[in-house]
Structures are given as structure tokens and as C-alpha cells.
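**Q** What follows is a protein structure lacking sequence information:
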């Protein structure tokens, strides 16, 4: 099989596909199925023909962008389609030879529990197929000794974040809404859900910062690309005013800054540059909405406690011991304690109610395992898990099967098991 190489013609080809991907602007309707199938074939067939192991990075770059845009585009994002495509690709390419990436057993157990509970107690498999697709990809395409693939994942996240940011900057004004807070009203550019959108941008910012810190010998061109990604994505992130994503990014970035073996002068320069950027953005009124949203929080986590408290009370007071252990499944969980079918806005509570204490134990285990098992990259892995874990407190990217979050978890797992050139 060919190595991870891609020529200029291929780069131009996929850039054209990216431009096509962002041309769909109907946020209420999906493109015709025929066009989606044709587009997916256009993405994967050249990789299959060339027997390229770049397939997971290229494929998920398009999937995450399509799923995270204001209008789901030509690239299919449904778990069943993605899983079938992955399985078909494996039959054509075969599994890579070598020691494959090991997904934590807790993740596999949670996936099996989800499949069982949702087959018997819900109307569909919800997002278990998304989890299964990630497990299959990890243990078929990724090798623990391949640090090059880790860098490709980081580059993929940077492309995702930059493309989504540019799309937001150019067309976000079409979706301006008024945000009413206790302290006033401001206009806010909005995607389907700015909080999920903000978390995706954070993944790209995080991986770009890791590359900038750990790869000082990279060419100026690639370093400028990562720096551009960080700046443009930060501008966009503050524009979405997602408090959860901003807090998670600040915490994880501070961990990165102080756990990586950097010179004091370099660390000081990063801190001063960060303060300068924030000062400029503050003076240009780019932080007004974010600051207003923090100031106006009434201590109820943006109204989320109105969901959390009734759900927890109903779970412990109305459910049986068996349900405490294994949960209620998706459908019943989404209605528990409320009079409507509504999400949890918290991954931990979501897992507890859907899959019980067994599911919650699995979720905590799959988050802790990469940190505990990593050796060389423990600090960076911990920072990545902190970012992801904090995002999961205010939204449901993991249990909701958000492709960006699952793809980032794959990056973290690889980072925890690969020897990242022994320089980190």
C-alpha cells in the first residue's frame, strides 16, 4: 500500500470538493440522495483506487465539515452511511499491517450497552453506529507506531476549523439573531447550535497549538497555516459567544502551556501575545457579546439546571434499581422528568439516564484511560481530555454522536499510544 503521500493535483481536486461542499445553503432540506452518493464517491474513490491510507483523514474532514455547517451538505453524515462506507473501504484496502490502535475497553462496552438498550427500548440505534464507526476505523487504519498519521489528524482538524470559520465569517451575517440577557441585548451570528459549533472550532485550535508548540522545526509555511487557523478560529469562536467552549479552551491551553517543555522566554512570549490579541479584540468590541453573556448568567448554567434537576430527581425517585444500573434507553430518557422530548445539555447526565451507572462508569473510564496509559505525551493528552470533558458539561457532543468530538477522541487515543517523535 502506498504511503501517506498526496500530489498537487490531488490537493487541487480536494480543494474543489471543499468548495462544492460549502455551496449548499438550504438549512432546512438535505441535498438529493443521488447528489450525496455521487459526492461521497468523489471523495473516497480516488483514495480507494490509489490504495491510500489517507482515507480516514480525508473522509472525516468532509464528514465533520458537512455535519458542523449551518446546512448539512452533500457529504452524508448519518451513522449508518458512514459505517457502511468505512466497512466497504476496509474490504477494498484491507487492514494495515502492524500493531493497531487500541480503543479502550470502556468505549467498546458503552457501545455494546448502547446498541442493546436502544434496540430493545428505543426507536432506533441513535448514535451507537457513530461510536462503532470510530472503533472500526481506529482498529483498522491506525498504527501505534505511526507518528506521521498523528500529524495528519492535526492538519485535518486545522482544515476543518479554518473552513468552518471562513464560512461563518462570510455567510454568518445571514443568521443574525438578538440575544436577550439580563444585562442587555446584542446581535449574535448563529449556526444551528453555536455551542456545538464552538466546540468544533476548539478542536482545531487545540491541535494547531499542539503543532506550533511541539513542531518548532516545521517549515514556515505550515507554521503560518497553523497560526492563521488559530487566529481566524479564535475570532470566530468569540463571535459565536459560546461560553462553554471558551472556558474549555482556556483551561486546556493553560495546561498545554505549562506542561510542555518550553523555554521560559517562549512561554512568556506566548502569554504576552495572547494578552495582546485579547486586548485588541476587546478594543475592537469583538468580545462584547461573550462578556455580556458571562455577566448575565443567573447562576443556572444558562438555564440548563432547569433540565438537569428534574431529570436527576425523576431518575432517582421514579426508576427501578435495574434502570439505575443500565438506564432507560434513549427515547424514555429524553422524556424523563419533562413534558417534552428534550436533550440533556450534559453528556454525563445523559449517559447516566440512558445507560445507567454502568454506562457512566464506562464514560468516565474512556476519558481517564488515555491519560493513565500515556507516557511520553501525558501532559498533552491530559489537556485534550480536559477540553473535551469540559465541553461535555454543557452540551452532549459524545453521547450525541457528534463526529467532530468522536474524531477528536480518536486523535487523543492515538496521541496517548504513539511515540510522538519523542520530543514532546
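**A** Arrived safely. Fair warning: this is a prediction, and the values are worked out from it, not measured in the lab. Residues are numbered from 1 along each chain as shown.
**Q** Where does pLDDT dip in the chain?
**A** Along the chain, the parts satisfying pLDDT under 70 run over 1-6, 172-192, 284-303, 419-424.
**Q** How about the contacts made by residue 247?
**A** residue 390 (C-beta atoms under 8 Å, 6 or more residues apart in numbering). Quick note: C-beta positions are derived from backbone N, CA and C, even for glycine.
**Q** Kindly apply the preceding question to residue 331 instead.
**A** Taking C-beta under 8 Å, 6+ apart as the test, what residue 331 contacts is 121-123.
**Q** what's the spacing between it and residue 216?
**A** As judged by C-beta to C-beta, to the nearest Å, residue 331 and residue 216 stand 51 Å apart.
**Q** Residue 311 now?
**A** Separation of residue 311 from residue 216 (C-beta to C-beta) stands at 47 Å.
**Q** ok, residue 412 - contacts?
**A** For residue 412, the contact set (C-beta under 8 Å, 6+ apart) comprises 370, 381, 384-385, 388.
**Q** mind listing which of the residues you listed are in helices?
**A** 370, 381, 384-385, 388 (DSSP state H).
**Q** Specify which member of those residues is nearest to residue 257.
**A** Nearest to residue 257, judged by C-beta to C-beta, of these is residue 384 at 13.8 Å.
**Q** so what's residue 258 up against?
**A** residue 267.
**Q** and it, which of the three is it?
**A** helix (DSSP: H, G, I helix; E, B strand; the rest coil).
**Q** Distance-wise, check it relative to residue 248.
**A** The value you get for residue 258 to residue 248, if C-beta to C-beta is used, is 17 Å.
**Q** Look at residue 311 and residue 216 and report which has more neighbours.
**A** residue 311 (24 against 11; other C-beta atoms under 10 Å).
**Q** wait, is residue 29 part of a helix?
**A** No: Residue 29 is assigned coil when assessed by three-state DSSP, not a helix.
**Q** For it, grab the count of nearby residues.
**A** Residue 29: 9 neighbours (other C-beta under 10 Å).
**Q** Regarding it, what are the backbone dihedral angles?
**A** phi -130, psi 150 (degrees, to the nearest 10).
**Q** quick one: contacts for it?
**A** Contacts for residue 29 (C-beta under 8 Å, 6+ apart) come out as none.
**Q** Distance of it relative to residue 80?
**A** Residue 29 is 20 Å from residue 80, by C-beta to C-beta.
**Q** ditto for residue 377
**A** 34 Å.
**Q** ok, these two, which is more surrounded?
**A** When neighbours are counted by other C-beta under 10 Å, residue 377 and residue 80 differ, and residue 377 comes out ahead with 27 against 13.
**Q** Now the phi/psi pair for the more buried one, please.
**A** Residue 377 has phi and psi values of phi -110, psi 30 when expressed as degrees, to the nearest 10.
**Q** Residue numbering should commence at 47 henceforth.
**A** Will do, 47 is the new start, and the previous item becomes residue 423.
**Q** I'd say it and residue 461 touch.
**A** Yes: between residue 423 and residue 461 there is a contact under C-beta atoms under 8 Å: 5.3 Å.
**Q** Helix, strand, or coil at residue 396?
**A** Residue 396 ends up helix, using three-state DSSP.
**Q** So which bits of the helix or strand harbouring residue 409 are buried?
**A** Counting by DSSP states H and E, the element that carries residue 409 is helix 393-419. Across helix 393-419, burial judged by 16 or more other C-beta atoms under 10 Å covers 393-402, 404-409, 411-413, 415-417.
**Q** next one: stretch 93-110
**A** 93, 96, 98-110.
**Q** and these, which two are the farthest apart?
**A** For those, and using C-beta to C-beta, no pair is farther apart than 96 and 110, which are 22.4 Å apart.
**Q** tally of neighbours for residue 452?
**A** 22.
**Q** what do you get for the one 10 residues further on?
**A** Neighbouring residues of residue 462 were enumerated by other C-beta under 10 Å; the total is 27.
**Q** pretty sure it is touching residue 413, no?
**A** No: judged on C-beta under 8 Å, residue 462 makes no contact with residue 413 at a distance of 11.4 Å.
**Q** Skipping adjacent residues, who's closest to residue 146 in space?
**A** residue 185 (4.9 Å; C-beta to C-beta, 6 or more residues apart in numbering).
**Q** With residue 432 as the reference, measure out to the one you found.
**A** 26 Å.
**Q** Compare the two (neighbour count), which wins?
**A** In terms of neighbours (other C-beta under 10 Å), residue 432 is the more surrounded of residue 185 and residue 432; the figures are 21 against 14.
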